[in-house]
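Asker: Whatever this is, show me its structure:
(chains A and B)
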Protein chains: 2
Amino acid sequence: MPRDMGSVVLVGAGPGPADLMTVRAQRVVQQAQAVLYDALVSPEVLALAPAICIKIQTGKRAGLPSMNQQTINGLMLKLARQGLRVVRLKGGDPSVFGRSGEETAFLEAHGVPVDIVPGITAVSAAAAQFAFPLTHRGQSRRLVMATARVENGEVVGEGWDAMADGDATLALYMSRDSLAEVAERLIQAGRSVATPALAIENAGSAEAVAIHGDLGTLPALLRRAERSGPVVVVIGAVAALARCEETGSARDALPANKRKGLG
Amino acid sequence: MPRDMGSVVLVGAGPGPADLMTVRAQRVVQQAQAVLYDALVSPEVLALAPAICIKIQTGKRAGLPSMNQQTINGLMLKLARQGLRVVRLKGGDPSVFGRSGEETAFLEAHGVPVDIVPGITAVSAAAAQFAFPLTHRGQSRRLVMATARVENGEVVGEGWDAMADGDATLALYMSRDSLAEVAERLIQAGRSVATPALAIENAGSAEAVAIHGDLGTLPALLRRAERSGPVVVVIGAVAALARCEETGSARDALPANKRKGLG
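Answerer: Coordinates of the predicted model:
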C-alpha cells in the first residue's frame, strides 16, 4: 500500500540572521522532517530544523559542485513520496532568482502539494541595514532586480539599454565577478559613470560590508577588496544615501560627514 | 534637564498576516512605546503592540485625509524627544515605495537614531501565495517594481520604454486606478497586448483575490471586478504560471486546467 503523499514547502531563509526570516518560515522549518538547503542558508537558520530532521546541502561545499536541478527535484520528490514534510530552504526569497518556478512545476506535475513562504531578498536587507531607500521621491522611481552572465568578457543577453534607465535603482544579484563588464555595458547604454554605486557583501548579516563608489570606480574597488561572500550591487542615486558607519571595513567606507543627506 | 533621546525604527509590516512579518519586526513592535502606522497595516499586526502603547494612524481613515509627510515627521520627532521607543509601521517593505529615505534623512538631521527592519513586499507575497516565480529561466530575467501616476488620462514621467522590456517581470504597485493608462503606454512602447497579466488584491492575506488576463484585457477585468483594496499588478510571462485555485473569487479565476505548467 503506498504511503500518503508528503508535501514540499519552498521557504525563503532571508539574508542570514534567523530573526530576519518570517515567523511563518521559522515555524515551517521547525516542523520539517527533511530540509534541502542551498549554500547561502546560514548555520543559524539551519539550526532551527529539528535534530532528527534529514538535512541535505544542495549547494557547493568543500570543493564539491552544486547538485544540478534535476537531482534536487528528484530528491524532493523521493522524500515527499515517503510521506515527509519536506522544506526546500533557499537564501533570500524563493521567487527572486530562486528557481521556484521550475521546482513548483516539477513537483505539481508529479502530484506533490507545494507551498511557498516568502523571504526577505538581499537588496531589501541591504537597504534596511545601511539605511538607504530603494525608491526615492524625485530620484529613483523604480527598482530593477537583475543578474548578469558574462561570456568571453561580454555581458550576455538583451535588455541592458532598458537597465540603463536613469530613473531606476538597479540591484544586481550574484554580480561580484561580472560587475566590470556590467558597468561597462551600462555606461555604453548611457548611464553616467558618476552614478552612485554600492556593493554589499553578506547583506543583512552581522558581517556585512559595504563598498562605496560610483559606476566608474566600483568594479576596481570591489576587485581590490577581495571579497568572497555573496554580493549585491546597488546602482543609482539612492546608493549615495547609504550609511557608512555600519560597514565592517573602515578602509572601504566614506567618512560619515560625506553622507549625502536630504534634511 | 532634557530627557534622553528616544529612537525610531521604521518597520516593514509585510503584506498583512502577522506571521509574514519577520521575527525581528514582531519583536520591535512588541517593545514599542509609540506606533505610527499606515492605513495598509492590518489590525492583526497592530494588535502586537503593547496595550499601553501610543497608537497613531497616519493614513486615510473614515473619510479623513492622510497626514502629510511633514506632520508625520514632526510627530515622530516629538515622540522620540520624549525618550520613547517609536515604531513607524508601514505595509510591505519600508524601503520600497515607503518613503524611508525621507523619514530617515529628517530624523537623522534632528539627531534621532534610526533603524530599519525590512518587510515582505506585496509582489513577493503575491508570488508565494499564488505559486508563480518573479524571475524564471529563459522567460523573465529581471524584476521591475514600479508605480504610475496618471494626469489628464496620461501616464506621467519618463522611462516607460524601458519598462516595456520584454525580458522583465513588471510589478506595478498602487496601480488599481492607473492600469488602463499604463497598459496603453506599455503597448505603445512595444510590449505585446498578449503579455500575461495578473492583478492581485490584498496580496498575502486570506482575502487575496487574483484576476487573470493579459495586458490587453486586464484593465477592463479589474475595473469590472470593482475591487477597493490595494492591488499589485504583475505583467510578464510568469503571470501565466499563477495558481488559480487560491483566488477568493471563482468568477475571476480561470479553471485550474488552464494553468500553463512547465512540467
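
Asker: And the helices in the stretch 51-200 of chain A?
Answerer: A:69-81, A:100-109, A:122-129, A:160-163, A:179-188 (DSSP state H, counting those that start in this stretch).

Asker: Tell me if I am right that residue A:8 is in a strand.
Answerer: Yes - secondary structure assignment places residue A:8 in a strand (DSSP: H, G, I helix; E, B strand; the rest coil).

Asker: give the contact list for it.
Answerer: Applying Cβ atoms under 8 Å, 6 or more residues apart in numbering or on different chains to residue A:8 gives the contacts A:76, A:80, A:86, A:87, A:88, A:103, A:107, A:112, A:113, A:114, A:115. All C-beta atoms are positioned from the backbone trio N, CA, C, and that covers glycine.

Asker: which one of those is nearest chain B?
Answerer: The shortest distance between chain B and any of those, using Cβ to the nearest Cβ, involves residue A:114 and amounts to 6.4 Å.

Asker: Determine the number of other residues adjacent to the closest one.
Answerer: A count of neighbours around residue A:114, defined by other Cβ atoms under 10 Å in any protein chain shown, yields 21.

Asker: In ChimeraX, select just the buried ones from the contacts of residue A:8.
Answerer: With 16 or more other Cβ atoms under 10 Å in any protein chain shown as the burial test, the buried ones among those are selected in ChimeraX as follows:
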select /A:76,80,86,87,88,103,107,112,114,115
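
Asker: What does residue A:239 show for phi and psi?
Answerer: As for residue A:239, its main-chain torsions (degrees, to the nearest 10) stand at phi -60, psi -30.

Asker: Can you get me a residue count around it?
Answerer: Should you count by other Cβ under 10 Å, residue A:239 turns out to have 27 residues around it.

Asker: Residue A:7 too?
Answerer: For residue A:7, the tally of surrounding residues (other Cβ under 10 Å) stands at 17.

Asker: What's the per-residue pLDDT of it here?
Answerer: In the predicted model, residue A:7 carries a pLDDT score of 98.

Asker: partner residues bridging it?
Answerer: For residue A:7, the residues forming beta bridges with it (DSSP bridges) are residue A:85.

Asker: and of the contacts of residue A:8, the nearest to residue A:180?
Answerer: Using Cβ to Cβ, residue A:103 is the member of these that lies nearest residue A:180, at 32.2 Å.

Asker: just checking, that closest one touches residue A:76?
Answerer: Yes - proximity of residue A:103 to residue A:76 meets the contact threshold set by Cβ atoms under 8 Å, at 7.1 Å.

Asker: What mean pLDDT does stretch A:225-236 get?
Answerer: Here the mean pLDDT over stretch A:225-236 is 94, rounded to a whole number.

Asker: ends of that stretch, how far apart?
Answerer: According to Cα to Cα, to the nearest Å, stretch A:225-236 extends 21 Å from its N-terminal end residue to its C-terminal end residue.

Asker: Could you give me the buried positions within that stretch?
Answerer: Neighbour counts over stretch A:225-236 (16+ other Cβ under 10 Å) mark A:225, A:227, A:230, A:231, A:232, A:233, A:234, A:235, A:236 as buried.

Asker: Mind checking which of those land in helices?
Answerer: When the buried residues of stretch A:225-236 are checked against helices using DSSP state H, the ones located there are residue A:225.

Asker: What distance do you get for residue A:136 to residue A:237?
Answerer: Taking Cβ to Cβ, to the nearest Å as the measure, residue A:136 and residue A:237 are separated by 7 Å.

Asker: cool, residue A:121 as well?
Answerer: Distance from residue A:121 to residue A:237, counting by Cβ to Cβ: 21 Å.

Asker: quick revisit: just give me the closest of the buried residues of stretch A:225-236 to chain B.
Answerer: Proximity of these to chain B (Cβ to the nearest Cβ) peaks at residue A:234, which lies at 10.7 Å.

Asker: Show me the beta-bridge partners of the closest one.
Answerer: With beta bridges defined as DSSP bridges, residue A:234 has these partners: residue A:171, residue A:198.

Asker: Identify the residue nearest the most centrally placed residue in chain A in space, chain neighbours excluded?
Answerer: Geometric centre of chain A, nearest residue: residue A:122, 4.3 Å, by Cα atoms, centre = their mean. Counting by Cβ to Cβ, 6 or more residues apart in numbering or on different chains, residue A:122 lies nearest to residue A:232, which is 4.4 Å off, once chain neighbours are set aside.

Asker: Residue A:91 contacts residue A:17, doesn't it?
Answerer: No - between residue A:91 and residue A:17 no contact is recorded; they are 11.9 Å apart, counting by Cβ under 8 Å.

Asker: secondary structure element for the nearest residue to residue A:18 once chain neighbours are set aside?
Answerer: Using Cβ to Cβ, 6+ apart and skipping residues adjacent in sequence, the residue nearest residue A:18 is residue A:44, 4.8 Å away. Counting by DSSP states H and E, the secondary-structure element that holds residue A:44 is helix A:43-46.

Asker: Kind regards, and thank you for your time.
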